[in-house]
Structures are given as C-alpha cells and as structure tokens.
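> fold the following, please.
(2 chains, ligands or ions: 1)
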Amino acid sequence: MGMTEPTPEGRFGDFGGCYVPETLVPACQELDRAFRAAWADAAFRGRLNDLLRDYAGRPSPLTDCPRLSAELGLRVLCKREDLNHTGSHKINNVLGQALLAERMGKTRLVAETGAGQHGVATATAAALLGMDCTVYMGEVDVGRQELNVFRMRLLGAEVHAVTTGSRTLKDAINEALRDWVATVERTHYCLGSVMGPHPYPWMVREFHRVIGDEARAQCAELLGGDPDVVVACVGGGSNAAGIFSGFADGDAELVGVEPAGGAAVGRGTPGVVHGSLSYLMQDEFGQVLEAESISAGLDYPGVGPEHAHLARTGGARYENVTDGEVLAAFELLSRTEGIIPALEPAHALAWISREREALAGRTVLLNLSGRGDKDVDLVMGLQE
Amino acid sequence: MSGARPGRLEAALRAARTRGRKCLVPYVTGGLEGWEAAVEAAAAAGADAIEIGIPFSDPVMDGPTVQEAGDRALAAGATPAGLLSAATGLDVGVPLVVMTYYNIAHHMGHERFARSLADSGIAGAILADLPLEESAPWTSAADEAGVETVLLAAPTASGERLEAICARARGFVYAVGLLGVTGERAALAASAVVIAGRLKEITDLPVLVGVGISTPAQATEATTVADGVVVGSAVVRRLLEGEGPEGVGSFVAELRRALDGAVSS
Ligand SMILES: Cc1ncc(COP(=O)(O)O)c(C=O)c1O
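Model (predicted):
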C-alpha cells in the first residue's frame, strides 16, 4: 500500500490534522508551503544530501549479526543509525529542518528532547549553521541523561529543565510549543518526531525516508530482496516511519515496538494533543496520562498519526515490551555483537528476542536507531 | 452571520456596547478552591460575561498561572462533568462561557459535550487549540445545541484569514493581544490595539482583547479600540494567592470602574 502523502489537511486516513493555537496556524501553513517547495528543489535536496554524506556520515552501514543470529535462531540485520554523527537517526531530520529554517529566514531553533538525542542533534545543526538554539527537556530526563545535557550546552544551546506535569517528554513539548507561540516570527520549531501538527508528521518522515531507501538497496544487495520482517522502536515513531517508508510497498512485515508503559497504539484511544489526532493514552475524561518507561526517548503517551493509520489499516503492527525485556536485549546485543545500543532500539530487539520461536529461520531487519553511550550510566546504576 | 439570530452571549455583549459600556469578561479556572463563589463575585462586581476554564492536562496556550490553577483543580478531582453540573447551580445573571482544550470535547463526543454545555446553561465555548480549519465537526454540534463558539484571532493572521475567522465566530471575536501564552505582563503589548483595530474594521461582532491584559490601565488602553477585554491570569492569581472570592470581586470592581470611567470621560 505504501506510505504516501497525507491529504492537504494533513490527514492519514482518520488521523493527523493541525490542532494548534490560532497564533501558530499561519506558521504551520508557511512551513507546509516551504517544505513542499524545498523538497521539489534539486538544489535543496543536493545540499541536504551533501550534508548527510559529508557531515553526518551517510550512508549508514547494514550490519549482519551472525553471533546474535545464532543465539536467537534467526537472521538479524542491523541498520546502523547509531553510527551517524551525534549517535542516532535524529540527525537526518534535524539537518533537513535546519536547512529549511534557514531557507525560511529563521534564525533560531527551538526543540523538545526526551533522551537528549534530538536535542543534541538540533544543537549540532544550530552550531553548524550559526543559529541560536533553545532546548526544552523534562527535569526527570535532565537527571537521567546528564551527558546529553552537557553536550547540548557545549554545542552552544540553552537547555531548560521543564518542571511541570510528568517532567518528561510530553511536558517538554508543551513548553517548546509555548515558546514557539511567543517567538514564531524568527523561530522555527524543530520537532523531533513524526508527530505534532501538519506538516510535521509527513515532513519528518520524508527527512527519515533515507533510512528505509538505503536499507532496501542494501538488503537487495545482501539478500537479493526484502527481509521478512522490519522492526523498529516507536516513541513518536520517526525512526520507524523512516525505515518503514522504504519497505511499505513490498511484502515485508512491518513491526513497531512500544514500551509497555507508553503504548499509545497498544493501549490508547483516539485523542488530540500536541497538534494531531492520533492514538493517545488518556483517562476517562480526556486528560492525557503520563507514560512510564526506562527509556526517556520512548516515554511518551502519544504516537505519530501515520502510525495510528498504519495500525488501523493493518499496514504495520505494534507490539510492546517491558523494561526488563529491554535491559536483557541491551546486554544481549552488547555481548554478542560488540554493539551497545541505546535503550530505545533495544525495545525492537527485545521483541525479536521474545518472538524468536515464531521468527525462527526468518530474516529480520532491525533499525538500530542510536548508540548506548548515553544509557550506560543508567544501566550501571540499575545493576548495582 | 448567515442570518442567524445572535445567541445569548453575543446579544449581551452587543447590548452592553449599545449602552456605551465596555465589556468585561473575567476568567476563572473551574475546580480551583472557591471558584464558584469567585464567579458569583465577579458577576456581582460588574462582569458582562464570565469564562470558566475546564482544566486540561496539557494547556499549551497557558502560562504558569493558569497552568498552576489547572494542576491544582485536577489534583482536587475536577472533571468536565462535575464542573458543568456545578455551573448549573450558579445564578449569576450573565452569560457563562467555557474555555478548554479540544481533547476534552473530542473525548466526550462533540454532540454530548455541546448538549451538556447547553443543559448546564453555558452560552458559549472557546477551544484554545481548535483552529478554524479543524472546527467544523465541533461547530456543527455546537450550533445545533445553541452553544456559541468563540474563535481566536491572532496577530499572525493575514487579513483574509481574519475575515474567515470573523465569518465563523459566534458570541464575540477573541483578539489575542500578543504573541505568547496567557499570563500577566508589565505593559500592554502594542499588538493588542493593532489586532483589535484590524478586527473592528472587518466585523460587527463584539471584539474583545485577551492574553496579557492584567491591570485596569491595560484594560482601559485596550478598549480605546476594542469593545472589551478578557482578564484571566490576574484574576486566577488572586485565587491562587488566597485572596478568595472577595479578592476577585474587588479586583473585578476595580476593572469595572476603570472601564466605566474611561467611557464617560
Ligand atoms: C536512539 C533513539 N531511538 C528512538 C527514539 C524515539 O523516537 P522516534 O520514535 O521518533 O524514533 C529516540 C528518541 O529520543 C532515540 O534517541
């Protein structure tokens, strides 16, 4: 069925849209026009591709994982987004948005961050292009991802610890939106996932499509065709949307893995927060619930609207795993392949590991969306 | 206006304007300790209509004061249905308007939310994150139930966009006075008078400026052009600081005197 353009109103089936305070509507419309024009402009695409290659280090390798595969009884291939500059897939989207912001004449980037990876990527792009940068991060996440806070400050960004609500990603997004409402004339909101108001879910997916396009070509070379299953972790869902988009018109089964404590697709109902209509963990009155996950990057009660659409139409399926299963997977990949993953993609591996009997003998492509340096401290603390 | 007869809210504000009076609309967070008495005190002190906030977990259009009020109300167990049934019992003699975020209405269901507003005697609704383009499913249910949907108009809008907003707005047009979220400011933003003036040129609906109006002087300045003001954080702060309904009443009276003085002078 493929992953296509949303309607002009930003709908993927029943989901999506642009639910923002009136002040921001013209900015979202301007962004939609600017993105369409840039995406159709060979010079813009060329400049972005140059940066992705010469600055971010793309293409990222596809790594066959024989020792892990032998242990699980199936074949695992890893798409190595952990090897990108700044250590995760986030840089793909950020370079795209920063170039677009510059093209729109904006001089400041504001971003939310959970694990800090998107914040680091945004601070990096701002440094590269000489822009001002402000990052909002929940106080809980500032505590558990200290290294990334230091990195962002080193890169010249202002980091604000958000002390409202659950003090995690959800509240960081609220604060970033409030900043944008006040500063919209010179500021671009560099949103970090396939969520938020139109055009973000679509635009961010397009900026990450490079993951799926590369992986498909690499699989064709290595396997002579598509893998049987493509698996990615899902917070807002950007790394998943990126890799899924390369395979959505083929036969590979697409699986998104959420944390059990933040399973918007698994446990949510349709609702509107942060700009779009999607699955959302909410109470009986429509108040948004707080997610609870060991992984700051997935600790979010919502999910991007295109994933809600894929879930509803059967284009992809969504599973969830517990923190305990994630920690076991984190150790498994480290021990068998010498790759320490971020806790986020360890969710995807945790699902593969749990389902290894059902997956026996099959070829599974895992989107290794980030490296684990930022999480080593936290895991060390848990083991003590 | 597609020939529709004005609703209660619009009629009340038009009547005030016809009498040469500037409209005063205080905002009170529902569920905050003392909120019902505060609404009654505001009415007695000369409010022309009153906004009641139904707290939402993620109020992106609100600054620290209204956020804190909402958090406190939610922690105290406030629910949309509970607040609406409490509002039914209020005898204030001026139209009440609910202000909340779209998910509260979406979750209850458009028809059910609209009907429960009407059944509770609420005249109008403001959904802070529901812009014109997304509003049709709600406004058709609201129209059907006789609930007036007030739309926001911001300084960032083009003239064409302001016209479209005014064409669909009911009750009054809420002119967002500045680029930013709700909260008290030291001075009135220049944008407040500008947006009010742009709106007054294209609509006959009452134009009220809100966001960043926190003192009698600012209210007076804004109404040199606008038909009235909405005052939120400065009211709510008085409740948060323990001044109680009396504090709200005397503040609203002060605003009233300033606005009346400005008209007669
Ligand atoms: C390495 C990594 N993977 C995944 C995510 C989750 O985001 P998304 O679901 O948008 O890919 C994050 C977010 O911080 C991350 O750092």
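
> A:M152: what secondary structure?
Using DSSP: H, G, I helix; E, B strand; the rest coil, the secondary structure recorded for A:M152 is helix.

> I'd like the distance between it and chain B.
Separation of A:M152 from chain B (C-beta to the nearest C-beta, to the nearest Å): 23 Å. To be clear about C-beta, it is placed using only N, CA and C from the backbone, and glycine gets the same treatment.

> got a list of what that residue touches?
With contact set as C-beta atoms under 8 Å, 6 or more residues apart in numbering or on different chains, A:M152 has these partners: A:T113, A:G116, A:G119, A:V120, A:A123, A:V135, A:V159.

> hang on, the last one packs against A:R151?
No: the criterion here is C-beta atoms under 8 Å, and A:V159 misses it with A:R151 at 9.7 Å.

> which pLDDT value goes with the closest residue to A:R371 other than its chain neighbours?
Spatial nearest neighbour of A:R371, excluding adjacent residues (C-beta to C-beta, 6 or more residues apart in numbering or on different chains): A:D82 at 3.7 Å. In this model, A:D82 is scored at 98, pLDDT.

> okay, now A:D82: neighbour count?
Residues near A:D82, counting by other C-beta atoms under 10 Å in any protein chain shown, number 23.

> can you redo the contacts of A:M152 as CSV with neighbour count?
Shown next, in CSV, are these (neighbours: other C-beta atoms under 10 Å in any protein chain shown):
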residue, neighbour count
A:T113, 32
A:G116, 29
A:G119, 33
A:V120, 30
A:A123, 30
A:V135, 29
A:V159, 20
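
> could you list which of those also contact chain B?
Taking C-beta under 8 Å from any C-beta of the partner chain as the test, chain B is in contact with none of these.

> touching the ligand at all, stretch A:72-85?
No: Stretch A:72-85 is not in contact with the ligand by C-beta under 6 Å from any ligand atom; minimum separation 7.4 Å.

> one step back: which one among the contacts of A:M152 sits at the bottom for pLDDT?
Lowest pLDDT of the contacts of A:M152: A:G116, 94.

> roughly how far apart are that one and A:L128?
Remark: distance between A:G116 and A:L128 (C-beta to C-beta, to the nearest Å) = 18 Å.

> repeat that for B:Q218.
Using C-beta to C-beta, B:Q218 is found at 43 Å from A:L128.

> neighbour count winner among those two?
Neighbour comparison, B:Q218 and A:L128: the larger count goes to B:Q218, with 25 against 16 (by other C-beta under 10 Å).

> ok, now which ones touch the nearest residue to that one once chain neighbours are set aside?
In this structure, B:Q218 finds its nearest non-sequential neighbour in B:L188, 4.3 Å apart by C-beta to C-beta, 6+ apart. Neighbouring residues of B:L188 by C-beta under 8 Å, 6+ apart: B:G177, B:G212, B:I213, B:A217, B:Q218, B:E221, B:A222.

> middle-most residue in chain A, spatially?
Closest residue to the average C-alpha location of chain A: A:S238 at 3.3 Å, with C-alpha atoms, centre = their mean.

> residues near the closest residue to chain A within the stretch 101-250 of chain B, how many?
In the stretch 101-250 of chain B, the residue that lies nearest chain A is B:H107 (2.9 Å; C-beta to the nearest C-beta). Applying other C-beta under 10 Å, we find 21 other residues in the vicinity of B:H107.

> and if you look at A:A360?
Neighbours of A:A360 (other C-beta under 10 Å): 10.

> so it sits right up against A:G73, yeah?
Yes: with contact defined as C-beta under 8 Å, A:A360 counts as touching A:G73 (5.0 Å).

> give me the contact list for the helix or strand hosting A:R33.
Here A:R33 sits within helix A:25-39, counting by DSSP states H and E. Contacts with helix A:25-39, where a contact means C-beta under 8 Å, 6+ apart, come from A:10, A:18, A:20, A:44-45, A:99-100, A:103-104, A:180, A:184, A:188-189, A:197-200, A:203, A:206, B:131-133, B:154, B:156-158, B:161.

> following the chain past it, name the next helix or strand.
Taking DSSP H and E, what comes next after helix A:25-39 is helix A:42-54.

> list the helices and strands that following helix packs on?
Applying 3 or more C-beta pairs under 8 Å, 6 or more residues apart in numbering or on different chains; DSSP states H and E, one finds that helix A:42-54 contacts helix A:90-103.

> so for the helix it packs on, mean pLDDT?
Mean predicted lDDT for helix A:90-103 stands at 98.

> equivalent analysis for stretch B:64-83, please.
Averaged across stretch B:64-83, pLDDT comes to 98.

> what does stretch A:12-26 give?
Averaging pLDDT along stretch A:12-26 gives 98.

> in that stretch, what's buried?
Within stretch A:12-26, the residues that qualify as buried are A:12, A:15-26, counting by 16 or more other C-beta atoms under 10 Å in any protein chain shown.

> quick one, helices of the stretch 151-300 of chain A?
Applying DSSP state H, counting those that start in this stretch to the stretch 151-300 of chain A gives helices spanning A:169-183, A:200-223, A:238-247, A:264-267.

> between those helices, which gets nearest to chain B?
Taking C-beta to the nearest C-beta, helix A:169-183 is the member of the helices of the stretch 151-300 of chain A nearest to chain B, at 3.8 Å.

> so that closest one versus helix A:25-39, what angle?
With axes from the mean of the first three to the mean of the last three C-alpha atoms, to 10 degrees applied, the angle from helix A:169-183 to helix A:25-39 works out at 100 degrees.
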